[in-house]
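Participant: I'd like to go over a predicted model; first the sequence, then the structure.
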Amino acid sequence: MKRFFVVLLSAVILLLSLTGCNTTEVKDSDTNKTRISDFSQSKVGSVAGSIQSNLLKELLPDAEHVEYSNPSDSVMALMSDKIETFSTENSVLCAMQWEGIAVKRVEEPIAVSNYGFMFNKGEKLDLQKQLNEFIKNQKTNGKLKQLQEKWFSSSEPSEFADYEKLSGKNGTIRVAICSEQKPFVYIKNAKYAGYDIEFLTKFAGEYGYNIEFFDSSFTGILSGIKSGIYDIGASGATINEERKNSLDFSDVYYSDEMVLVVKSSGSAVRTLDDFKNATLGVIVGSIYDGYSKELFPDANIDAYQSFPDLFQCVKQGKVDGFLLDMPNYNAAKRTDKGLSYIKVPDYNVEIGYAFGKNEKGSELQTQMNAYLDELRAEGTLDKIWDKWCGTVEPTENIKIQDLSANEKELKIALDSSRKPFVYMLNNEHAGFEVEILYMFCEKYGYKPKFEDAQWTAGVAGLTEGKYDVVSCGIYITDERKESVNFCEPYMVSDIIMVIYENDNAETDFLASIKESFEKTFIRESRWKLIVKGLAVTVLISFCSVVGGTVFGFVFYMISRSKYKLLSLIAKKLAKVHSIIISGTPILVILMILYYLVFAKADISGIIVAIIGFIMTFSSFVYGQLDITVENVDKGQTEAAYALGYSRNKTFFKIILPQAMKMFIPAYTGEIIGLIKATSIVGYIAVNDLTRMGDIIRSNTYEAFFPLIAVALIYFALIWIVTMLMGIAKKKTDPKRRKNKSILKGVVR
């Protein structure tokens, strides 16, 4: 047990380090973008299958469209800079702001959408009529407007409708909802809440109904309505002509604008004055060491060996910032959007190649200056620069001719940590300077010989004649000119202070962990949702394993029947069953059972899930028994028969115990697979562990702890199963049997 908790703690620490758990608010992504057309070349997110998704593709045909399963995933993508904006309703934006998410809307709306409750086509006409009458009355008396002001403001309501106190004198209506559609429907204090919930509760109270809610995915709601499982479908359903072809809608009970969402400003802009007493990083021996001490005499200066070290340290909060040139920063920004910078006025650096201070070095210096002038005049230098230093990193290296036949050798020292000047791409040297060097060698007849070395070692090698050229985006200074030759600078770059927008200092990190934990588990007692989901997952898993084992074993015993016809039928059925189960995804099986086979039956999704998993698990049990029993030596059966033992006694006392040694390892793996497979039961209106984690995410817009909690609980379940099955394996080992359980061939 102690080892188990050590593993759990290690897993938490590893995942914490990988995620970073950043909560510092972000700056505006682009405050000048106020119209939809401003995002014509952007990465735009939307919920898959939504009306907004289709509209955006029409309005922004040249944008890169990314689809997500729900608004909470879109928020996380926006905050991690995977997309620049995403579409949603203005009401959903309000719910995001309840949780303190730093987002805002673009001024220009996409369109206006109307919302209604869904009914099966041509069914429940009396219920539709009553609901429409209620909507009309609520509009007339002004109560509908009051309800909208309550639920679609920047602060979350504190009072909620109690649907559990409805009288139900006129019967019960079955309402399908999706609790991930905040603020229309969500879970608050372990109960359903939201605009739709309160509206329907008021309706049911006035007409004497009781309400039974069924939580499902939105696609599950549509399928359930069409198959007649539910009376009403809710959760902010948008009315459109396509849906009207297969569904009936109530009158419009709410209209809302579809909007684009972007990051909003949440913190003051940092300036260089903020770094007077900060901890700054520098590269050993670089010009930034002197610049940092000159600009920030009271700062604490920490020295590092390479720029990758500095990028990692600023991300982890070990340093507050460091000075750098723009090309290096732009290259790092391509892979880590959390990086930002502050421009340092009146400071810049010249960058070029370094050569030995000797005759060959002078010749190379002259040749390189002439070649750079040639590339600059042709415009080729700018094209190469745009290729390697643009916003998108190249995916392929340069293609060059074989230069090994050239007689003159050019010994080149490369510092591959200096992206985009020199780095490794597809395990080959690449970068702005590398491409120019290949072209230079081809023009002047050199055979390049590359060797990786830190830039300091490269410069030292120049003076010793070990290298002819140093390539690493080296900065040109008067002091360095005393010991090496430089070509004319191919660029002059601004100096900037590199910072990380998401501050990972220890105090902020711990505070963010505490806040995320509180939102996920403590606030509104959301830990109860995890417990409920766990109970459902355990129930489905346990019943499926037990049921599948019993059915599979019984069916296998029937196939061993001494009655040949019965045995033949059982084997044929088992074969057909195995083919169907192995060729059909379990999710499809569950949906067929829930929405087709049991569509008209009053049966819960949990029971359907258990039936579906029993079908799959029993197929495995039958097949595995068939394989393992067949692998037991036939001679043992014949020997038992010769000693006068019955068919069944021979099987249970001799054959089965030996088969168990081979059966249990595969059986354990199948149980583990079943437990993990239960994570899909949310598609048939079952609130299992995974589903509850998704619900919490959709309410808090926190990804870390809900996912970690679910992952660790699954890990714990699987660990327990593995431990128990290990015990079972030992108990069933034939070598460990007691004497009284072993068949005696001779009785004295």
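Facilitator: Yep, that arrived. Numbers count the residues shown, from 1 in each chain.

Participant: Which residues belonging to stretch 183-198 are considered buried?
Facilitator: By neighbour count with 16 or more other C-beta atoms under 10 Å, stretch 183-198 contains the buried residues 183-188, 192-198. Quick note: C-beta positions are derived from backbone N, CA and C, even for glycine.

Participant: Mark which of these are part of strands, please.
Facilitator: The members of these that map onto strands under DSSP state E are 186-188, 192-193.

Participant: Closest one of the residues you listed to Ser604?
Facilitator: Here the nearest of these to Ser604, counting by C-beta to C-beta, is Tyr192; it sits at 16.9 Å.

Participant: Verify the stated contact: that closest one with Asp162.
Facilitator: No - judged on C-beta atoms under 8 Å, Tyr192 makes no contact with Asp162 at a distance of 10.7 Å.

Participant: Return the distance of the biggest helix by length in the chain from the chain's centre.
Facilitator: Ranked by number of residues, the top helix in the chain under DSSP state H is helix 527-559. Helix 527-559 has its C-alpha centroid displaced from the chain centroid by 29 Å (C-alpha atoms, centre = their mean, to the nearest Å).

Participant: Quick one: name whatever helix or strand follows that helix.
Facilitator: Next helix or strand after helix 527-559 toward the C-terminus (DSSP states H and E): helix 564-582.

Participant: which other residues reach the very next helix or strand once past that next one?
Facilitator: Following helix 564-582 in sequence order, the next helix or strand is helix 586-592 (DSSP H and E). Helix 586-592 is touched from outside by 223, 581, 608-609, 612-613, 615-616, 677, 680-681, 683-684, with contacts defined as C-beta atoms under 8 Å, 6 or more residues apart in numbering.

Participant: From the chain's centroid, how far away is helix 586-592?
Facilitator: 24 Å.

Participant: so which one among the contacts of helix 586-592 has the lowest pLDDT?
Facilitator: Least confident by pLDDT among those: that is Tyr683, with 76.

Participant: I'd like to know how far that residue sits from Pro585.
Facilitator: 11 Å (C-beta to C-beta, to the nearest Å).

Participant: Check Val392 too.
Facilitator: 37 Å.

Participant: same question, Ser72
Facilitator: 25 Å.

Participant: between the two, which one's more packed in?
Facilitator: Ser72 (27 against 10; other C-beta atoms under 10 Å).

Participant: Now name the helix or strand holding that one.
Facilitator: Taking DSSP H and E as the criterion, Ser72 maps to helix 71-79.

Participant: Now stretch 179-188 - C-alpha only, CSV.
Facilitator: Presented in CSV, the C-alpha positions along stretch 179-188 are these (Å, rounded to 0.1, in the frame of the first residue of the first chain):
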residue,chain,number,x,y,z
SER,A,179,-25.4,19.6,-17.9
GLU,A,180,-22.5,20.9,-19.9
GLN,A,181,-24.6,23.7,-21.4
LYS,A,182,-24.0,26.4,-18.8
PRO,A,183,-25.9,28.7,-18.1
PHE,A,184,-28.9,27.0,-19.6
VAL,A,185,-28.3,23.7,-17.7
TYR,A,186,-25.5,22.8,-15.3
ILE,A,187,-24.9,21.3,-11.9
LYS,A,188,-24.8,23.5,-8.8
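
Participant: what's the average pLDDT for that stretch?
Facilitator: For stretch 179-188, the mean per-residue pLDDT is 88.

Participant: Which residues does it contact?
Facilitator: For stretch 179-188, contacts defined as C-beta under 8 Å, 6+ apart pick out 70-72, 91-92, 94-95, 98, 151-152, 156, 160, 177-178, 192-197, 215, 218, 234-236, 524, 529, 694-695, 698-699.

Participant: Could you give me the ChimeraX selection string for whichever of the residues you listed are buried?
Facilitator: Applying 16+ other C-beta under 10 Å to the contacts of stretch 179-188 leaves a buried subset, and the ChimeraX line that selects it is:
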select :70,71,72,91,92,94,95,98,151,152,156,177,178,192,193,194,195,196,197,215,218,234,235,236,524,529,694,695,698,699
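
Participant: Next step: the contacts of stretch 179-188 restricted to helices.
Facilitator: Mapping those onto helices (DSSP H) picks out 71-72, 91-92, 94-95, 98, 151, 195-197, 218, 529, 694-695, 698-699.

Participant: For the stretch 251-400 of the chain, which residues score under the pLDDT cut-off?
Facilitator: Along the stretch 251-400 of the chain, segments meeting pLDDT under 70 span 265-269, 335.

Participant: which stretches of it form strands?
Facilitator: Per DSSP state E, counting those that start in this stretch, the stretch 251-400 of the chain carries strands over the ranges 254-263, 279-283, 300-304, 321-325, 339-355.

Participant: Could you identify which of the ones you listed is most buried?
Facilitator: strand 321-325 (a mean of 25; mean count of other C-beta atoms under 10 Å).

Participant: hmm, back to that, next SSE after the helix holding Ser72?
Facilitator: As assigned by DSSP H and E, the chain's next helix or strand after helix 71-79 is strand 85-89.
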